[in-house]
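Asker: Sequence below, structure please.
(one chain, ligands or ions: 1)
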Amino acid sequence: MRDYKRILVTGGAGFVGSNLALAFKRDLPNIAVVSLDNLHRRGSELSLDRLKAAGVEFLRGDVRSPDDFAAAGSFDLLLDCSAEPSVHAGYDSGPSYLVDTNLTGTTHCLEAARRTGADLLFLSTSRVYPIKRLAALPLVEHGDRFVIEPGSSGPGWSDAGITVDFPLTGTRSLYGATKLASELLIQEYAEMYGVRAVIDRCGVLTGPWQMGKVDQGFLVLWAARHLYGGPLAYMGFGGTGKQVRDILHVTDLYRLLRCQLERIDDVSGHIFNVGGGAETSVSLTELSALCREISGNSIDIASDPETRPADIPYYVTDNSEVSEMFDWAPEYGVEAILEDVHSWLVGNREMLAPILGPVT
Ligand SMILES: NC(=O)c1ccc[n+]([C@@H]2O[C@H](COP(=O)([O-])OP(=O)(O)OC[C@H]3O[C@@H](n4cnc5c(N)ncnc54)[C@H](O)[C@@H]3O)[C@@H](O)[C@H]2O)c1
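Answerer: Presented below is the predicted three-dimensional model:
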């Protein structure tokens, strides 16, 4: 890996950003790590003490403002983890915050990287794939979940999941559009200015310090509700909870990013599909059963059959390309992820219940 001296993590008090900042600082203690965040996400403020205790510098700043990048000084690696990360964002409130943060923010990241000669790791999303195309996959019910019809396949998909070759024609939500547009700009900066950049289209990421809410972070929300109480509902697709996602522990993401940085010269400008894969996937109904088991609590889960505009019944990453290229595989299975989240919720109840409990 290049001999980095100073890492800037935008969104560095958020779930992914704070965990990555702390992991880099732990493993490379001689490198300065700076977390820049405007604390827009409720609960991100809870990360400030742990960042400080680990020697990560916190800078309150906004990626919408180029001046705030100037205030961050020079750096040689930029982890872009700032975003409005909900696929449901913008529907009720209008697009401004979402587009300004997720797209204009990326242009400011790119300019800062170009100016300082920094490498860039960008966390894109599976939500770049069009909603109607994903919703049209041939699904069948198998126990408590949907699965892709065994043995079937098409462009960019098979019963092993979705690859980067999945077609991009169609609409994908404003969230997905800001991420796809960001990807295009990043590739142009890589080509035109030589900014070394890797783009990871991530499925669901999860783990401790995710401030799960109804529209983003379902595993933590589910686990928290089983411990702290509060409403839960199976929303959409008939309200039976059979929708499926693969999940990836943030520690496994960190391990992959370290591998990618080792080979950034070879893989700059590339786009990868990154996720837990079929073996680390779960439906909501299956998750409820696991939460009941681990918490010892059984809670009522409502059923709301109406499907919201950006909802999809199934997304599982085919992570074979990234696994083979980097000799990487997720180490955390579904149960291990849930156990880690559960321990965090139990150990920090007083601090977390006001954010993740029934009042939210
Ligand atoms: N969590 C997932 O399942 C997932 C999946 C795919 C991609 N991603 C991407 O990973 C990245 C990190 O997501 P996350 O799950 O940690 O979300 P998060 O909401 O926990 O963290 C994002 C952080 O960005 C900060 N932020 C928001 N607007 C900002 C602005 N204008 N200026 C500065 N900071 C701002 C928030 O306060 C928050 O701390 C995002 O780019 C997201 O799109 C996440």
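Asker: which residue sits closest to Val214 in space, ignoring its chain neighbours?
Answerer: Excluding the flanking residues, the one nearest Val214 by C-beta to C-beta, 6 or more residues apart in numbering is Leu221, at 6.7 Å. Using the backbone N, CA and C atoms, a C-beta is placed for each residue, glycine as well.
Asker: list the contacts for the one you found?
Answerer: Contact partners of Leu221, counting by C-beta atoms under 8 Å, 6 or more residues apart in numbering, are Gly212, Lys213, Val214, Leu232, Leu356.
Asker: In the stretch 1-150 of the chain, what residue comes closest to the ligand?
Answerer: Gly14 (2.0 Å; C-beta to the nearest ligand atom).
Asker: re the thing from before, phi, psi for the residue nearest to Val214 please.
Answerer: For Leu221, the backbone dihedrals (degrees, to the nearest 10) come out as phi -60, psi -50.
Asker: if we can go back for a sec, what's the burial count for the residue of the stretch 1-150 of the chain closest to the ligand?
Answerer: Neighbour count for Gly14, taken as other C-beta atoms under 10 Å: 27.
Asker: is it true that it touches Cys81?
Answerer: Yes - under the criterion of C-beta atoms under 8 Å, Gly14 makes contact with Cys81 at 6.0 Å.
Asker: anything in contact with each of these two?
Answerer: By C-beta under 8 Å, 6+ apart, no residue touches both Gly14 and Cys81.
Asker: can you tell me which residues contact the closest residue in space to Pro155 that isn't next to it in sequence?
Answerer: What sits nearest to Pro155 in space, not counting adjacent residues and going by C-beta to C-beta, 6+ apart, is Pro167, at 5.8 Å. Pro167 sits next to Pro130, Arg133, Pro155, Gly156 when contact means C-beta under 8 Å, 6+ apart.
Asker: okay, those residues in TSV with distance to Ser96 next?
Answerer: Below are the contacts of Pro167 laid out as TSV (distance: C-beta to C-beta, whole Å):
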residue	distance to Ser96
Pro130	23
Arg133	28
Pro155	35
Gly156	32
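Asker: could these be laid out in TSV, adding secondary structure and pLDDT?
Answerer: Putting these into TSV (DSSP: H, G, I helix; E, B strand; the rest coil; pLDDT from 0 to 100) gives the following:
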residue	secondary structure	pLDDT
Pro130	coil	98
Arg133	helix	97
Pro155	coil	98
Gly156	coil	98
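Asker: Which pair of those spans the longest distance?
Answerer: Pairwise distances across those peak at 12.3 Å for Pro130 and Pro155 (criterion: C-beta to C-beta).
Asker: Could you check which of these two has the larger neighbour count?
Answerer: When neighbours are counted by other C-beta under 10 Å, Pro130 and Pro155 differ, and Pro130 comes out ahead with 20 against 9.
Asker: Other residues contacting the one helix or strand Ile247 maps to?
Answerer: Assigned by DSSP states H and E, Ile247 belongs to strand 244-249. Residues outside strand 244-249 that contact it (C-beta under 8 Å, 6+ apart): 145-147, 161, 202-207, 218-219, 274-278, 280-283, 313-317, 330-332, 334, 336-337, 340.
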